[in-house]
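A.B. asks: This is the structure alone, sequence omitted:
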């Protein structure tokens, strides 16, 4: 088991800036949350979510035969706050979230797989995100033809 630690990710600025996501802990559903607290408002903090769901054990204490997969679920949540002006009384309203950019990735790992199978899947996912076609779709909204 890996000890929980900060996650540091670089952004896509012309001069990349590292963002440190500090662990907040698990929620009631077992999802671990990490938060980048560099935004000016807590409402605008970026977050990462991580969850591991192990293959279930049967109700009588034995290993069940159905649904024998482990799942690793990861999410990136990047809120964007509304640009705030002042109201007629000159008071700035409280911040609100305009929208949230999200990425979700789930690794579905059959219990029978090997360490090499899991390494290959993770590496393929990593390289898929930097493939030119995927970059064009994600950044420029261009479909393949």
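C.D. replies: In hand now; what should we look at? These figures come from a predicted structure and were not determined experimentally.
A.B. asks: Quick check, pLDDT for the residue in the chain sticking out farthest from the centre.
C.D. replies: Largest separation from the mean C-alpha position in the chain: residue 89, at 40.0 Å (C-alpha atoms, centre = their mean). In this model, residue 89 is scored at 72, pLDDT.
A.B. asks: what does residue 84 give?
C.D. replies: For residue 84, pLDDT reads 74.
A.B. asks: Please name the residues that touch it.
C.D. replies: Residues near residue 84 by C-beta atoms under 8 Å, 6 or more residues apart in numbering: 92, 93, 95, 96. Heads up, the C-betas are built off the backbone N, CA and C, glycines and all.
A.B. asks: Could you rerun that using 7 Å?
C.D. replies: Residue 84 sits next to 92, 93, 95 when contact means C-beta atoms under 7 Å, 6 or more residues apart in numbering.
A.B. asks: now, among the residues you listed, which is nearest to residue 12?
C.D. replies: Proximity of the contacts of residue 84 to residue 12 was ranked by C-beta to C-beta; the top entry is residue 95 with 23.8 Å.
A.B. asks: how close does the closest residue to the closest one other than its chain neighbours sit to residue 85?
C.D. replies: The shortest distance from residue 95 to any non-neighbouring residue, by C-beta to C-beta, 6 or more residues apart in numbering, is to residue 41 (4.6 Å). According to C-beta to C-beta, to the nearest Å, residue 41 and residue 85 sit 15 Å apart.
A.B. asks: Would you mind telling me which of these two has more residues around it?
C.D. replies: residue 41 (13 against 7; other C-beta atoms under 10 Å).
A.B. asks: Assess the claim that the more buried one and residue 82 are in contact.
C.D. replies: No - at 10.6 Å, residue 41 does not count as touching residue 82 under the criterion of C-beta atoms under 7 Å.
A.B. asks: Spatially central residue for the protein, please.
C.D. replies: Most central in the chain (C-alpha atoms, centre = their mean) works out to residue 75, at 2.0 Å.
A.B. asks: Which residues are in contact with residue 102?
C.D. replies: Taking C-beta under 7 Å, 6+ apart as the test, what residue 102 contacts is 75, 76, 77.
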